[in-house]
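Engineer: Pasting the sequence and the predicted model now:
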Amino acid sequence: LATAAAVLDVLADGPLRHLDQWVFSGGLPPRTGAWHWTWRTIVNGGQYWIVGSLAGVTAVTAAWRRRSVPLLLRAGVWLACTELVVRAAQVLFARTAPLYGEDEMFAAGHLSFPSGHAANAAACLLFIAAMAGAPRRWTIAAHALAALVAVAVVALGYHWPTDALAGWGIGTLLACAARVLVVPGEPARDGRPRDGRPRAGRSRAGRSRAGAVTAAPADDA
């Protein structure tokens, strides 16, 4: 919904696009000081060579642990398609960045919409969490970092807010696709489900009988 809203609004020159221009009506933010360098550090979470490499390493590790070549192949195809989808969208919409002082669509050579950093962060960080079977708190942390990267590209003046919104949305959609198509709940090597809970086997009565048999020698003693 966020992705569709951002795309439709930008194409229709709607209120969100007017908000874009209002955000930078006073010019670009200064590129000095602690504020700038804090966001510069956070925005690295969307650098594809960083998060893409981490996603690749995670995929190789998961495939090796599971002895699954198909898993590795699916992950490789997903990583390639992710970059292709984001880049194709940027080329298609060809939007100018705030740096140019004007907001134009379909201006050949410009790649502002959607934000590649926001898309890469959401897609790859959530992919890493899913592929590693991360617990809920780490998955929440991945979501939070992806959202911070989307904020960072605006705070630094790299992208319009709708660029960041669309990038975050597309990246999240790609991560959801990976969750279904790349790591569809494969069981771990010990035979347990991915959530770590033991498989439902014996009934409560069966467990009670087993407990009674185990306890019998102690009673006799």
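Structural biologist: Here it is on my side, so go on. Computed from a prediction, not measured in an experiment: that's the story for all the values here.
Engineer: Name the residues of the longest helix along the chain that are buried.
Structural biologist: In the chain, taking DSSP state H as the definition, the longest helix is helix 69-93. Across helix 69-93, burial judged by 16 or more other CB atoms under 10 Å covers 71-72, 74-75, 78-79, 82-83, 85-86, 89-90, 93. The way it works is simple: take the backbone N, C-alpha and C, and place the C-beta from them, glycine included.
Engineer: what secondary structure does Arg31 sit in?
Structural biologist: coil (DSSP: H, G, I helix; E, B strand; the rest coil).
Engineer: OK, contacts around it?
Structural biologist: Neighbouring residues of Arg31 by CB atoms under 8 Å, 6 or more residues apart in numbering: 156-157.
Engineer: Could you do Gly26 as well?
Structural biologist: With CB under 8 Å, 6+ apart, Gly26 has no contacts at all.
Engineer: Three-state assignment for it, please.
Structural biologist: Strictly by three-state DSSP, Gly26 counts as coil.
Engineer: what number of residues lie near the residue nearest to Tyr48 when sequence neighbours are not counted?
Structural biologist: Among residues not flanking Tyr48 along the chain, Asn120 sits closest, at 4.8 Å (CB to CB, 6 or more residues apart in numbering). Neighbours of Asn120 under the rule other CB atoms under 10 Å: 27.
Engineer: from memory Asn120 sits against Val51, does it?
Structural biologist: Yes. Counting by CB atoms under 8 Å, Asn120 touches Val51, with 5.6 Å between them.
Engineer: helix or strand for Ala5, which one?
Structural biologist: Taking DSSP states H and E as the criterion, Ala5 maps to helix 2-11.
Engineer: Tell me who's in contact with Pro114.
Structural biologist: So Pro114 contacts 3, 6, 86, 89-90, 93, 163-164, 166-167, 169-170 (CB under 8 Å, 6+ apart).
Engineer: Try it again at 7 Å.
Structural biologist: By CB atoms under 7 Å, 6 or more residues apart in numbering, the contact set of Pro114 is 86, 89-90, 163, 166-167, 170.
Engineer: what does the model give it for pLDDT?
Structural biologist: We have a pLDDT of 96 for Pro114.
Engineer: what about it, distance to Ala63?
Structural biologist: 30 Å (CB to CB, to the nearest Å).
Engineer: from the contacts of Pro114, which is closest to Ala107?
Structural biologist: Gln90 (11.8 Å; CB to CB).
Engineer: And for the closest residue to Leu145 other than its chain neighbours, the neighbour number?
Structural biologist: Nearest residue to Leu145, sequence neighbours excluded (CB to CB, 6+ apart): Gly45, at 5.3 Å. Using other CB under 10 Å, Gly45 has 22 other residues around it.
Engineer: No further questions, thank you.
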